[in-house]
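[1] pasting the structure only:
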């Protein structure tokens, strides 16, 4: 063994393995905590009161709709006639844009699905619900509250 080497082969291999393990752990932690999408439990984006979001007639009863307000993607659902809920369309797993589907919301990136009526995760890898956006119905318009 060369005495001028500051690290033994075993020490170098151990440090390399610890580095890989550390990077993997950090990567997995970021993935499982939302990977940059912020605090998923918080409310979604805020808009000035009475900002138009969609027409009530465009949201099927029992169905969903995608919308964009001020450049921010949103998801709406009308679980029962006249009752509308709205959520940020940013997936709480890694920040992809979630799509409106027939009855629920689906993330095209990793397969997470969310209940349209509540924004709750129905299939992972996401573990946090979609962020809620406050809306109200005014005539045939859905507007921010």
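    Cool, the structure landed. Model, not experiment: these values are computed from the prediction.

[2] Select the longest strand from the protein.
    Ranked by residue count and defined by DSSP state E, the top strand of the chain is strand 72-80.

[3] so what's residue 102 closest to, chain neighbours aside?
    residue 63 (6.7 Å; C-beta to C-beta, 6 or more residues apart in numbering). Every residue, glycine included, has its C-beta placed from N, CA and C.

[4] Contact partners for the one you found?
    Residues in contact with residue 63 (C-beta atoms under 8 Å, 6 or more residues apart in numbering) are 77-78, 102-103, 116.

[5] So for stretch 93-111, what gets flagged as buried?
    Buried residues in stretch 93-111, counting neighbours by 16 or more other C-beta atoms under 10 Å, are found at 93-94, 96, 98-100, 104-107.

[6] And for stretch 61-75?
    Neighbour-count burial for stretch 61-75 [16+ other C-beta under 10 Å]: 63-67, 69, 73-75.

[7] Quick check: end-to-end length of that stretch?
    Using C-alpha to C-alpha, to the nearest Å, the end-to-end distance of stretch 61-75 comes out at 14 Å.

[8] Nothing else from me, thank you.
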